[in-house]
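*Asks:* Attaching a predicted model along with its sequence, questions to come.
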Amino acid sequence: MADDTLRQTPEVIEAVRRLPADTYNQRAFRIKRALDLSLKHRILPTEQWTKFEEDVRYLKPYLEEVEREMKEKADWNAR
Amino acid sequence: MSLSGVRPAVSRIARRCYSAQASATRKSEEGAILPKQDVVVSKLANGLTVASLDNYSPVSKVSVVVNAGSRYETSENLGITHCLRTFANLTSKGASSFSISRGLEDIGASLEATTTKEHMIYTVQCLRDNLDTACHYLTAVTTGQEFRDWEVKDNKIRLKMDLAVRNNDLIADVIEGLHSAAFRSSLGKSLYAPEFMIPSISPQSLHDFVDGHFLAGNMALVGVGVDHDDLRAFGDKMPLKEGGVVQKVPAKFHGGQQSRNPTSSALAFAAIGVEGTSLSSKDLLTAGVLQHLMGVGQHVKWGSNVASSRLNQSAAQVTSLPSSTNCFNLAYTDAGIFGVCAITQSQDMNPILKSVMGVFRAATKGNIDSKDFQRAKNQLKSSLLMKYENQETILEDIAIQALATGGFKPISEVVADIDAITADDAVRLAKKMFNGKPSMAVSGNLSNTSYLEELMSA
């Protein structure tokens, strides 16, 4: 999914830390599977590709919350 | 940082107070003074009790008091009130955890969460003109808790810190041990979460407890240094859940019980108590007089602490080493415990406990000197009146009375009641209390601390 490939900025790292356990485990599995395929120079068979409906931005709400909190801190510190 | 959307429910007082002060200065030349106000207690349509005293103080204190102390815990959610008071500052609707601390700091205000065996108390203290902002945070913290997963997880370490401090405090240990032995459930529940429960406290269990106890009819909004109408307006705006008073497990005192906790310490600590008087009992103040007759802490700094303490006098006869014996009179809404907390050298605990029991027995035989009795009455009156000079105490007193009785008894009436107590009342109460079986809790170096039955039979 798209959110699996986000660049590890401090906001992303914090948002990933806040994921509920099941979402986090699924993400970890997909990343592990991708690394494994990458070292074997293989790709997934078509049936196992992520379907369009399943491709959700699961990290987006957490990421937005982290960014909002960091902005709030910055605003307070700028006063 | 502006808090858009916050209606200034309590800002009228700021203007009124300044204008009152301004006119007072002018009028004082003519001899007029600000009229003394009494405590006002009322109830809102949603069931919330509102109580306040406007003492024209430039510092205001507003509390939300809930009948949700440790006695309301069950064995499934043991320790939940400890968690609630630790997690009071976490993100809520309307204020993130960060903005609660910065926002309050910004106006020089403070927010405290206190748990007693019967109540949870959230108090903000601020300058009168900043009441809007402070009360906005108070509302967020008491009605909009979110208990976010990661915040709860991150803050569990503070529970462990509390436990580490509490485990070093052997006085707390014996007092809690005494409650646990004597009352078992209800008042016996500890104010601290047991270590094994910490992993199982989840946001869901926190929400469940709050939803079950933070109900409008089960809470009170109390203020000192605020106008009553303004406080009512603020209470009306609070998004409270509907509900009435939550039933509690009645507290029952069991005598002859004991709790024993040997630890590494040079000293021995003991708390021994008999069934006392509840807050609604007509003997409450008589018990207070008896307490002062026996001996409470120091009245004079660096004093000998012997002259007005029968307990210390009798302790001094059995040992020349330093020790401390204080009489306590703990009263709750439906039960009470009256006893002595003793801290002694390890080898002195048995003789001192026996001498304490001797003092109690002497009181039941009517052995109360009239000068001593008057001294005790004076000390009780003065200690109550001196405590009443403190805004914190006034707030707590109003809160507990408002929730327990829906009314308020002014301190002047209490003092008059104390004056009316006779030595016969005291002897009668002493016979009733001290002829009952005591319960005991001991901690520390127990090498010379016998079990309760051995002490009673000797």
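*Replies:* That came through, no problem. None of these values were measured; they are calculated from a predicted model. Numbering: from 1, shown residues only, chains lettered A, B, ... in the order given.
*Asks:* What's the local residue count around the residue in chain B positioned nearest to chain A?
*Replies:* Using CB to the nearest CB, the single residue of chain B nearest to chain A is B:Trp150, 4.5 Å away. Where you see a C-beta, it was placed from the backbone N, CA and C, and this is true even at glycine. Around B:Trp150 there are 14 other residues, counting by other CB atoms under 10 Å in any protein chain shown.
*Asks:* Per-residue confidence, it, what does it come out as?
*Replies:* The per-residue pLDDT reported for B:Trp150 equals 95.
*Asks:* Check B:Glu30 too.
*Replies:* 55.
*Asks:* I'd assumed B:Ala68 was in contact with B:Val245.
*Replies:* No. Using CB atoms under 8 Å, B:Val245 and B:Ala68 do not qualify as a contacting pair, with a distance of 11.4 Å.
*Asks:* who has more neighbours, these two?
*Replies:* Applying other CB under 10 Å to B:Val245 and B:Ala68 shows that B:Ala68 carries more neighbours, namely 25 against 12.
*Asks:* Enumerate every residue touching the more buried one.
*Replies:* Taking CB atoms under 8 Å, 6 or more residues apart in numbering or on different chains as the definition of contact, the neighbours of B:Ala68 are B:Thr81, B:Leu84, B:His119, B:Met120, B:Phe209, B:His213, B:Phe214, B:Asn218, B:Val246.
*Asks:* near chain A, which of the residues you listed show up?
*Replies:* Checking the contacts of B:Ala68 against chain A by CB under 8 Å from any CB of the partner chain, not one of them is in range.
*Asks:* of those, buried ones?
*Replies:* With neighbours counted using 16 or more other CB atoms under 10 Å in any protein chain shown, the contacts of B:Ala68 contain these buried positions: B:Thr81, B:Leu84, B:His119, B:Met120, B:Phe209, B:His213, B:Phe214, B:Asn218.
*Asks:* Can you flag which of those belong to helices?
*Replies:* Filtering the buried ones among the contacts of B:Ala68 for membership in helices, criterion DSSP state H, returns B:Thr81, B:Leu84, B:Phe209, B:His213.
*Asks:* Please identify which of these is nearest to B:Lys371.
*Replies:* For those, the residue nearest B:Lys371 by CB to CB is B:Thr81; the value is 44.8 Å.
*Asks:* Against B:Tyr137, how distant is the closest one?
*Replies:* B:Thr81 sits 21 Å away from B:Tyr137, going by CB to CB, to the nearest Å.
*Asks:* Then B:Leu231?
*Replies:* Counting by CB to CB - B:Leu231 and B:Tyr137 are separated by 16 Å.
*Asks:* can you pull the contacts of B:Asn155?
*Replies:* B:Asn155 makes contact with B:Thr86, B:Phe87, B:Leu90 under the criterion CB under 8 Å, 6+ apart.
*Asks:* wait, doesn't the first one sit right on B:Arg158?
*Replies:* Yes. Contact criterion CB under 8 Å: B:Thr86 and B:Arg158 qualify, at 5.1 Å.
*Asks:* Would you mind telling me which of those two has the busier surroundings?
*Replies:* Neighbours per residue, other CB under 10 Å: of B:Thr86 and B:Arg158, the larger number sits with B:Thr86, 20 against 13.
*Asks:* The strand or helix carrying that one packs against which elements?
*Replies:* Under DSSP states H and E, the secondary-structure element containing B:Thr86 is helix B:80-86. In terms of contact count using 3 or more CB pairs under 8 Å, 6 or more residues apart in numbering or on different chains; DSSP states H and E, helix B:80-86 is assigned the packing partners strand B:110-115, strand B:120-127, helix B:149-168, helix B:203-213.
*Asks:* what about the helix or strand following that helix, near chain A?
*Replies:* Read in the C-terminal direction, the helix or strand following helix B:80-86 is helix B:97-106, with elements assigned using DSSP H and E. Yes. Using CB under 8 Å from any CB as the criterion, contacts between helix B:97-106 and chain A involve B:Phe98, B:Ser99, B:Arg102.
*Asks:* I'd like to know which of the residues you listed are buried.
*Replies:* Under a neighbour-count criterion of 16+ other CB under 10 Å, the subset of the residues of helix B:97-106 next to chain A counted as buried comprises B:Ser99, B:Arg102.
*Asks:* Deepest-packed of the helices and strands packed on helix B:80-86, please.
*Replies:* Sort the helices and strands packed on helix B:80-86 by mean neighbour count, taking mean count of other CB atoms under 10 Å in any protein chain shown, and strand B:120-127 sits at the top with a mean of 22.
*Asks:* and that strand, what's its mean pLDDT?
*Replies:* The predicted model assigns strand B:120-127 a mean pLDDT of 96.
*Asks:* Quickly run through the sheet partners of that strand, with directions.
*Replies:* Strand B:120-127 sits in its sheet next to strand B:59-66 (antiparallel), strand B:110-115 (antiparallel), going by DSSP bridges.
*Asks:* Let me know the pLDDT of the residue most central in space within chain B.
*Replies:* Closest residue to the average C-alpha location of chain B: B:Thr116 at 5.6 Å, with CA atoms, centre = their mean. Looking at B:Thr116, its pLDDT stands at 93.
*Asks:* quick one: contacts for it?
*Replies:* For B:Thr116, the contact set (CB under 8 Å, 6+ apart) comprises B:Gly69, B:Ser70, B:Leu191.
*Asks:* burial of the nearest residue to the first one once chain neighbours are set aside, as a residue count?
*Replies:* If I follow you right, that is B:Gly69. When the adjacent residues along the chain are set aside, B:Gly69 lies closest to B:Glu118, with 4.0 Å between them (CB to CB, 6 or more residues apart in numbering or on different chains). B:Glu118 has 24 neighbouring residues, counting by other CB under 10 Å.
*Asks:* Kindly provide the distance from B:Glu118 to B:Thr81.
*Replies:* Using CB to CB, B:Glu118 is found at 10 Å from B:Thr81.
*Asks:* intersection of neighbour lists for the two?
*Replies:* Looking at what touches both B:Glu118 and B:Thr81 (by CB under 8 Å, 6+ apart), the common residues are B:Gly69.
*Asks:* thinking again about what came up before, from the residues of helix B:97-106 next to chain A, which single one is nearest B:Leu384?
*Replies:* Checking the residues of helix B:97-106 next to chain A against B:Leu384 with CB to CB, the nearest one is B:Arg102 at 38.8 Å.
*Asks:* my read: that closest one touches A:Trp76, true?
*Replies:* Yes. Using CB under 8 Å as the test, B:Arg102 is close enough to A:Trp76 to be in contact (5.0 Å).
*Asks:* that older thread, could you report the distance from the residue nearest to B:Gly69 to B:Leu290?
*Replies:* Counting by CB to CB, the gap between B:Glu118 and B:Leu290 amounts to 23 Å.
*Asks:* swap in A:Ala74?
*Replies:* Distance, A:Ala74 to B:Leu290, using CB to CB: 61 Å.
*Asks:* neighbour count winner among those two?
*Replies:* Under the neighbour definition other CB under 10 Å, A:Ala74 and B:Leu290 were set side by side, and B:Leu290 has more, 29 against 9.
*Asks:* so that one makes contact with B:Lys377?
*Replies:* No. The pair B:Leu290 / B:Lys377 is not scored as a contact, 10.5 Å apart, by CB under 8 Å.
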